[in-house]
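> just coords:
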């Protein structure tokens, strides 16, 4: 058999893309999925893609999900690559979650509190039984009075605790927060950059790490102080105006964990905090983020750093799923040049050992 | 007040200027020629082009007082904040400033050292220096009019800091060259 | 390409990368952190090299892209197309015609010239990473030029195997100051880096580092006096062109141990064959 050098890489790529397009569409006897259907009916996927794609745009996130055949990491990647090319017109002022228009708000540390517990649209108490009635195509229902709607604004539970000095206050900072998408990560990484990395981080990775802290790998006795989800306003303050203007709203989920107390000779014992904030309805991620945020504060709070979740460098370098998926999957690229050098090396060493 | 334009073709001219600076930094002392720009006095074409190519709102800039007439042009075209020497990323001077006044980096982050653009009278004739180091197959000669007579000795203090140290870009008219901290310089 | 700047990156990003490149050249072998952007190609697939290439490329450049030494491997094809599409630059497979060569895992066999730039795609810029996983620690070691860990590793290799066992990504000292990863090129290519006439640029996108070797700079592969650095290559001539001095790929031709050894540098091999050089398997190819 003669060896024929592999040619036609270009043709192979074109063929692969054509096949992929066909696969993506699936059986044409089934109507094509519209972007608005994804946006409306796969909202939790849209939320996750916006969070990990670091771009709040429901329509583009839905488009990315459609284009990626529902592969959410691939969809987040599409969104990220698009985001990089966008010009920056302004920086918003910090969103005020205290004036969030609440859709859901629960606290595990008080039975009742001002504003009350609001379950909102949660899966929490659903029985996980497949609903076979969803198998059929639904007809468009006439508009009815819905259970949905904003409940209004409510004080944040940590603020309630904070009045009594029981909970550590936010450290004031006049410094501009860092931006990992513009500046490379450097150490020691401050909390602003750590929180940004977590907010963009992979939900599964953070979930596993957060879980590990509950099982003794860097535990910090967490209580879910409050989880709130709802709409917040985004405001910018143009230098030439000198006052804020509202440019739009975001749905966000915030989680504040209240953790093991800490004190010193000068400060009486008080509870510490872990913080989570993500785009959309991302309760699982916000909770995991708050656990990991608190774990990464170990050194700052004078605790031993022994567990993976407490190792800032480990967490920050491995939480980004776009980086991780690229590098894990790059192993499928050809490595035959290096493998050949290893082969020849092993053959040589075996030969020399035999002599 | 009207300000003269920047590059004629911003994308292409900046790329061409960058490749000249890159090659000059990679082969210390090699002379390159810049095109596509009308410079505001007292800056020469090469100084103006290097600024437009490398400076922006992310690079705090130090300007020596003699460049005052060009300050508005620089601010408008680069958006760089004007800062004291010890906080600068880039410096622009019409005479060699005291290098010790600029950040020279740290052992772990030597890249945080400043780059100073020094406008000189000529890169074709004048005091002759012998350059040696990375980028040079064999020692090269550079002739400059406009550096202090004891430049070789001043440079040695900077070079001795390696890997820390200041990098210089020398500009005269439409010509430029570079002296990275890695190069050693002696009087010819 | 409509809607995108020349060579994809915006000018602000190019300036940031260009500044990093100049510092990298001024400090040969030192890893300069940069604000690596999210590219439309995956991390680990050449995003660092692509960003470096995009920042240096001009309309007059002629670009060659290789992966494993070959112009026709799929990722090389994909990256070449990316630049043809976003920058409209001329591309070539001929090493001698290129002004910029982006590579993954090889250095072309033909000696590069002063007027060429080679851009390496780098997966892991820190040569000490297998020995010390913390980048905070390795950065400190690089700052102090404390490379004891690497010397101990090489010494243990000699003690265990009777020789240094590294066959690719073989660590080098640049200008006798920085320990540097040459990227995962075979050790066979290391000597080409030493006193190379061309400028060598390295981009690690995921790890967000850029580094460089100026032309005519000393690049020394680490070794011991009694165990000098040795290159590794298959002990055969190229089956197609008969070359005895080029790095060889091993191609499995059947399931009975059949092997064919051919040049990894496809342009080098094609050029030799065009000039009339024929290997022992070359006639067979022509016959079928």
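Nice, thanks for sending it over. In this text the structure is predicted, and so the values were computed from the model without any measurement.
> Can you list the residue ranges for strands in the chain?
Assuming you mean chain A. In chain A, the segments counted as strands under DSSP state E are A:101-106, A:223-236, A:245-262, A:270-279.
> I was thinking of chain C, sorry if that wasn't clear
C:32-33, C:62-67, C:90-91, C:100-104, C:117-121, C:172-174, C:178-180, C:199-204, C:209-213, C:219-221, C:248-252, C:259-263.
> before we move on, back to that, quick check: which of the strands of chain A is buried the most?
strand A:270-279 (a mean of 23; mean count of other CB atoms under 10 Å in any protein chain shown). Heads up, the C-betas are built off the backbone N, CA and C, glycines and all.
> pLDDT score for residue 104?
Using chain A here. Note on residue A:104: pLDDT of 95.
> look at chain B instead
Residue B:104 is given a pLDDT of 97.
> Would you mind listing what in chain B touches chain C?
Within chain B, the residues that sit near chain C (CB under 8 Å from any CB of the partner chain) are B:10-12, B:14-16, B:18-19, B:21-23, B:25-27, B:53-56, B:58-59, B:89, B:106-108, B:110-111, B:113, B:115, B:134-137, B:162-163, B:167, B:180-182.
> Show me which residues of stretch B:117-136 are buried.
Buried residues in stretch B:117-136, counting neighbours by 16 or more other CB atoms under 10 Å in any protein chain shown, are found at B:117-120, B:123, B:126-127, B:129-131, B:133-136.
> picking that back up, of all the strands of chain A, which lies closest to residue A:337?
strand A:270-279 (42.2 Å; CB to CB).
> Against which helices or strands is that closest one packed?
helix A:43-53, helix A:191-200, strand A:245-262, helix A:283-296 (3 or more CB pairs under 8 Å, 6 or more residues apart in numbering or on different chains; DSSP states H and E).
> Grab the longest helix from the chain for me.
Chain wasn't specified; assuming chain A. For chain A, the helix with the greatest residue count under DSSP state H is helix A:336-354.
> wait, I meant chain C there
Chain C, longest helix under DSSP H: helix C:11-26.
> Excluding sequence neighbours, find me the nearest residue to residue 96.
Using chain A. Among residues not flanking residue A:96 along the chain, residue A:232 sits closest, at 6.7 Å (CB to CB, 6 or more residues apart in numbering or on different chains).
> wrong one, chain C
residue C:110 is the one closest to residue C:96 (CB to CB, 6+ apart), at 6.4 Å.
> check contacts around residue 162.
By default, I'm working from chain A. Neighbour list for residue A:162: residue A:169 [criterion: CB atoms under 8 Å, 6 or more residues apart in numbering or on different chains].
> That was the other one, I meant chain B.
The contact partners of residue B:162, taken as CB under 8 Å, 6+ apart, are B:181-182, C:27, C:177.
> now that we have the residues you listed, which one has the most neighbours?
Taking other CB atoms under 10 Å in any protein chain shown as the neighbour criterion, residue C:27 ranks highest of the contacts of residue B:162 with 29 neighbours.
> gap between that residue and residue A:225?
According to CB to CB, to the nearest Å, residue C:27 stands 48 Å off from residue A:225.
> do residue C:249 as well
60 Å.
> Check residue B:82 too.
When distance is defined by CB to CB, residue B:82 is 47 Å away from residue A:225.
> what about the strands in chain B?
Going by DSSP E, chain B shows strands at B:32-33, B:61-63, B:90-93, B:115-119, B:122-132, B:140-145, B:167-172, B:175-179, B:184-187.
> Can stretch C:118-129 be said to contact chain B?
No. Stretch C:118-129 stays clear of chain B (CB under 8 Å from any CB), getting no nearer than 12.1 Å.
> Okay, angle between the longest helix of chain C and strand B:167-172 too, please.
110 degrees (axes from the mean of the first three to the mean of the last three CA atoms, to 10 degrees).
> avg pLDDT for helix C:11-26?
On average, helix C:11-26 scores 97.
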